[in-house]
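In: My questions are about this predicted structure, shown below with the sequence.
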Amino acid sequence: MSEASAQSVLSAHGFPSGLSDLPLSELEYLAQELDAVIAQKRKADRKPSEGELLLQINTTVLNAEDRSRYWVLAEKLEADQLTDGDHQEFMKLVDKDEKLRNNRLKLLIELAQMRNITLPKLMENLGLAPVFNG
């Protein structure tokens, strides 16, 4: 479909009347493009289900290997034995963990809103204890 044809078809005033002037192949192409745009918008507008949110929440933690390495490096930090390389690796893991925690909180808030309860009540219902750093 030529750009000029698309513009004439998609103008606010000529949309219905302009369609009848297009060849069948261009109408079919337009229909396919509109279907694709509609599908994308439906996907973007779709809210995840509670089950999907719970699955996403459960994946917002460091994997076992990263968690294990994090604790090894944390112990080295406590003992003041971190090398520069260790420090860089530790900071990357801290950053990764922080991003996961932030995403987890966002998902928990979304789930609490979906259930129409407070975040502390949701955490209590899910058996989640608040994490205190410091």
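Out: Perfect, thanks for sending it.
In: For the helix or strand where N125 lies, buried residues please.
Out: Counting by DSSP states H and E, the element that carries N125 is helix 119-126. The neighbour-count check on helix 119-126 (16 or more other CB atoms under 10 Å) flags L122 as buried. The way it works is simple: take the backbone N, C-alpha and C, and place the C-beta from them, glycine included.
In: now that helix: mean pLDDT?
Out: Throughout helix 119-126, pLDDT has a mean value of 91.
In: on contacts alone, who are the packing partners of that helix?
Out: helix 84-115 (3 or more CB pairs under 8 Å, 6 or more residues apart in numbering; DSSP states H and E).
In: Please report the distance of A129 from K121.
Out: Distance of A129 to K121, computed by CB to CB, to the nearest Å: 14 Å.
In: typo on my end, E50
Out: 15 Å.
In: before we move on, what about I38?
Out: 38 Å.
In: can you check L54 too?
Out: For L54, the distance to K121 - CB to CB - is 16 Å.
In: ok, A112 - how many residues close by?
Out: 19 (other CB atoms under 10 Å).
In: can I see the domain layout of this protein?
Out: Domain segmentation of the chain under automatic domain parsing yields 3-45, 50-126.
In: how far does the longest one sit from the chain's center?
Out: In other words, domain 50-126. 15 Å (CA atoms, centre = their mean, to the nearest Å).
In: Endpoint to endpoint, that domain covers what distance?
Out: 12 Å (CA to CA, to the nearest Å).
In: Let me know the average pLDDT across stretch 52-63.
Out: On average, stretch 52-63 scores 90.
In: Show me what it is in contact with.
Out: 48, 67, 70, 93, 96-97, 100-101, 103-104, 107-108, 110-111, 114 (CB atoms under 8 Å, 6 or more residues apart in numbering).
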